[in-house]
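*Asks:* my questions concern the predicted model and sequence given below.
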Amino acid sequence: MGSAARRDGRTAIQLRPLACTRGLLNRAHGSARWSQENTCVLAAVYGPKSISGRRENPERATIEVIWKPKSGMTGNKEKEAELVLRRSLDYIIIATLHPNTGMSIIVQVISDDGALLACAINATTAALVDTGIPLSGLIAAVSCGINKEGDLLLDLTKSEEQEAQAHVCLVFPNRPLSMKVETSIKSDDEPVEHGLVTSVTCGAMSVDDYLSCLDLGRAASLKISEFSRTSLEQSQRAVELVTPT
Amino acid sequence: MEVDEKQQTPLPFTGEAQLSPLVSQIVAPGDIVLDLTTVSKTLRLGSGLRQDGGSITVMKAGRLRYSKPNKLWVEGSQRRYIPNIEDVVIGIVVDRRFENFTIDINAPTYGILPVLAFEGATRRNIPNIQVGAAIYTRVVKAHRDINPELCCTDASGKSSGYGPLKGGYIFDCSTGLARALLSRPTCPVLEALGKSLSFEIAVGLNGKVWVNGSTPETIILVSNAITNAEFLTPAQQHIMVQKLLQNIQ
């Protein structure tokens, strides 16, 4: 790891401060705003709701993602982001519980200072939890990259992304609280968080570098899921204040 | 065995061993609350939980609740309503067909209310309900593949409060707030309002509240008080209601 501090004073593997607000939009069925210092994304979820006959699927809900950039027309970059987001969320949404319905996820970029896709995935996961759509688990996204000197960096800012040799957005499943009794020898199940849901690379890096990025990203995703859990508990506690228990 | 090490608050004393250490804790989607190999009895799973092979997993965020002898569920609060049997809901008529009314109950699909599902309704004497009317009704059939079916009589055929709601004002709230408004003992905000104002209220578990009063000021005050009460403790609710009442005196 390089010893030179980054432009904003962080170490190579330090994440930017995270902030998450849930349930902030009045009309959406669920919403969340996730910011990683200067990168901020607002996600709104509508659904499950009825949709027109042509798009109806009698076995599962139809999920659509709409990505709105901060300014300018939507183009191919936005379509690619929508596709990546939809595929990642397909992993956690239990769509078979609401057949013949549709779910719309709208992502609005508020500010972009690097790690935009990761921020958007974190925001939409929080928004889905806020809506109450049945999920099989949670995911956490982190961006990782290699700069020209060959150092591994975590959570790149926009300038670092532009100067990097390569950067990748990695999405890992969260580690859940588990009451499962570990059966000793027979389980060859690796812990859930050892899986990888999505990986989107920009630029070329060597295989060894990529594997190091995976390890780094996995450790960082644990911190992100811890933060997400704390934020979830706080928002749930706020909701329960109404009745004296 | 991975145990929740963050558990700081003591669990309420039940006199018997808890089914799972996560009961009365806030759980997130993906949490495994129970390993079925450790349990020998039949469990009834409520909303927010599903069986995933040999374990019970959480689907929705909320607080895990357990009621003896065998009911386990997650209590969360959403803006969207998922229909369950025997829930009372407030719906708005969207369409009128020969056999059914189509009702919007804030759920993924519209509800169906048979034209004859009213007290004393026969083919010659069907209720005169127009599109746009509000109806207080209960859910009799709810399954993920069908439109929920509603009914405006109770099990014995009497109307007992169900039926169209005349006048008044309907506003939205979350399902958690609706449950709190319907629970016993009376919700603090309703108690505080009831001491000084007289009004009629109907609460649907689908997140809709109907309020009627003698003057528009009463209706607006009651609906504002209920909407504001969502994130307040009981003491704060009393203070908030007093402040609102001062404004109209």
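*Replies:* Sure thing, it's come through.

*Asks:* gap between the residue lying closest to residue A:229 once chain neighbours are set aside and residue B:153?
*Replies:* Spatially, and ignoring its direct neighbours in sequence, residue A:229 is nearest to residue B:28 (5.9 Å; Cβ to Cβ, 6 or more residues apart in numbering or on different chains). (C-beta placed from N, C-alpha, C; glycine too.) Distance, residue B:28 to residue B:153, by Cβ to Cβ, to the nearest Å: 40 Å.

*Asks:* what's the distance between the closest residue in space to residue B:78 that isn't next to it in sequence and residue A:52?
*Replies:* Excluding the flanking residues, the one nearest residue B:78 by Cβ to Cβ, 6+ apart is residue A:132, at 3.5 Å. From residue A:132 across to residue A:52, the span is 24 Å (Cβ to Cβ).

*Asks:* who's more crowded, the two?
*Replies:* residue A:132 (27 against 7; other Cβ atoms under 10 Å in any protein chain shown).

*Asks:* surely the more buried one touches residue B:74?
*Replies:* No: look at residue A:132 against residue B:74 with Cβ atoms under 8 Å: they stay out of range, at 10.0 Å.

*Asks:* joint contacts of those two?
*Replies:* Listed as contacting both residue A:132 and residue B:74 by Cβ atoms under 8 Å, 6 or more residues apart in numbering or on different chains are B:60, B:61.

*Asks:* top helix in chain B by residue count?
*Replies:* Using DSSP state H, we find that the single longest helix of chain B is helix B:234-248.

*Asks:* got the CA positions of that helix in PDB?
*Replies:* Only the C-alpha atoms of helix B:234-248 are listed here, as PDB (Å, rounded to 0.1, in the frame of the first residue of the first chain):
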ATOM      1  CA  PRO B 234     -47.100   9.600  24.200                       C
ATOM      2  CA  ALA B 235     -46.100  12.600  26.300                       C
ATOM      3  CA  GLN B 236     -45.100  14.600  23.200                       C
ATOM      4  CA  GLN B 237     -48.400  13.700  21.600                       C
ATOM      5  CA  HIS B 238     -50.300  15.300  24.500                       C
ATOM      6  CA  ILE B 239     -48.200  18.500  24.200                       C
ATOM      7  CA  MET B 240     -48.700  18.600  20.500                       C
ATOM      8  CA  VAL B 241     -52.500  18.300  20.800                       C
ATOM      9  CA  GLN B 242     -52.600  21.000  23.400                       C
ATOM     10  CA  LYS B 243     -50.700  23.400  21.100                       C
ATOM     11  CA  LEU B 244     -53.000  22.700  18.200                       C
ATOM     12  CA  LEU B 245     -56.100  23.200  20.400                       C
ATOM     13  CA  GLN B 246     -54.800  26.600  21.600                       C
ATOM     14  CA  ASN B 247     -54.600  27.700  18.000                       C
ATOM     15  CA  ILE B 248     -58.300  27.400  17.500                       C
END
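
*Asks:* helices or strands up against the helix of greatest length in chain A?
*Replies:* For chain A, the helix with the greatest residue count under DSSP H is helix A:207-239. Packed against helix A:207-239, as judged by 3 or more Cβ pairs under 8 Å, 6 or more residues apart in numbering or on different chains; DSSP states H and E, are the following elements: strand A:18-22, helix A:116-131, strand A:139-146, strand A:152-154, strand A:166-173, strand B:26-27.

*Asks:* now do 6 Å
*Replies:* On a contact count with 3 or more Cβ pairs under 6 Å, 6 or more residues apart in numbering or on different chains; DSSP states H and E, helix A:207-239 meets strand A:18-22, strand A:139-146, strand A:152-154, strand A:166-173.

*Asks:* returning to that earlier point: buried sites along the longest helix of chain B?
*Replies:* For helix B:234-248, the neighbour count (16 or more other Cβ atoms under 10 Å in any protein chain shown) marks B:234, B:237, B:238, B:240, B:241, B:244, B:245 as buried.

*Asks:* repeat for stretch B:31-46
*Replies:* Buried residues in stretch B:31-46, counted by 16+ other Cβ under 10 Å: B:31, B:32, B:33, B:34, B:35, B:43.

*Asks:* thought residue B:60 was touching the residue nearest to residue A:229, still the case?
*Replies:* No: look at residue B:28 against residue B:60 with Cβ atoms under 6 Å: they stay out of range, at 9.1 Å.

*Asks:* looking at the helices and strands packed on helix A:207-239, which is buried most?
*Replies:* strand A:139-146 (a mean of 27; mean count of other Cβ atoms under 10 Å in any protein chain shown).

*Asks:* any part of that strand near chain B?
*Replies:* No: Strand A:139-146 is not in contact with chain B by Cβ under 6 Å from any Cβ of the partner chain; minimum separation 9.4 Å.

*Asks:* right, I'll leave it there.
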